[in-house]
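*Asks:* need the 3D shape of this:
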Amino acid sequence: MKSRKLLITLAVIFVLANAADILFTWYALRAGGTELNPIMAFVIGSGWLRAVALKVALPAVIALVLVRLRRRAMLAVLAGTFTLITGWNLAGLLFF
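*Replies:* Numbering: from 1, shown residues only. Model prediction:
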């Protein structure tokens, strides 16, 4: 049971970090910044609703598949990576 809780916790962190990332991107763009990821720049250019849907739905589907397959290490890597990216983006908003 502990393993299942850990999988779900990692999945939630991964999805929330992606949701925070799109929020911070929105703030940065409003402040005159630019999106450096060419794929997300294209998606954002086609509309914010699509960008938010992609940035939340795609990680949610990936997380669900990885939970179902019990891929704890992969979820840990994704959760950690996107938490670091989101933290870096937040630091950029606050201090630069």
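*Asks:* which stretches in this protein count as helices?
*Replies:* Applying DSSP state H to the chain gives helices spanning 2-30, 38-45, 48-68, 72-95.
*Asks:* adding mean neighbour count, write those helices out as JSON lines.
*Replies:* C-beta: built from backbone N, CA, C; applies to glycine. Shown next, in JSON lines, are these (neighbours: other C-beta atoms under 10 Å):
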{"stretch": "helix 2-30", "mean neighbour count": "17"}
{"stretch": "helix 38-45", "mean neighbour count": "14"}
{"stretch": "helix 48-68", "mean neighbour count": "15"}
{"stretch": "helix 72-95", "mean neighbour count": "15"}
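*Asks:* could you export those as CSV, including mean pLDDT?
*Replies:* Converted to CSV, the helices of the chain look like this (pLDDT from 0 to 100):
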stretch, mean pLDDT
helix 2-30, 95
helix 38-45, 96
helix 48-68, 96
helix 72-95, 94
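*Asks:* check contacts around the residue most central in space within the chain.
*Replies:* Centre of the chain computed as the mean C-alpha position; nearest residue by C-alpha atoms, centre = their mean is Asn18, 1.5 Å away. Counting by C-beta atoms under 8 Å, 6 or more residues apart in numbering, Asn18 makes contact with Lys55, Val56, Leu58, Pro59, Phe82, Thr86.
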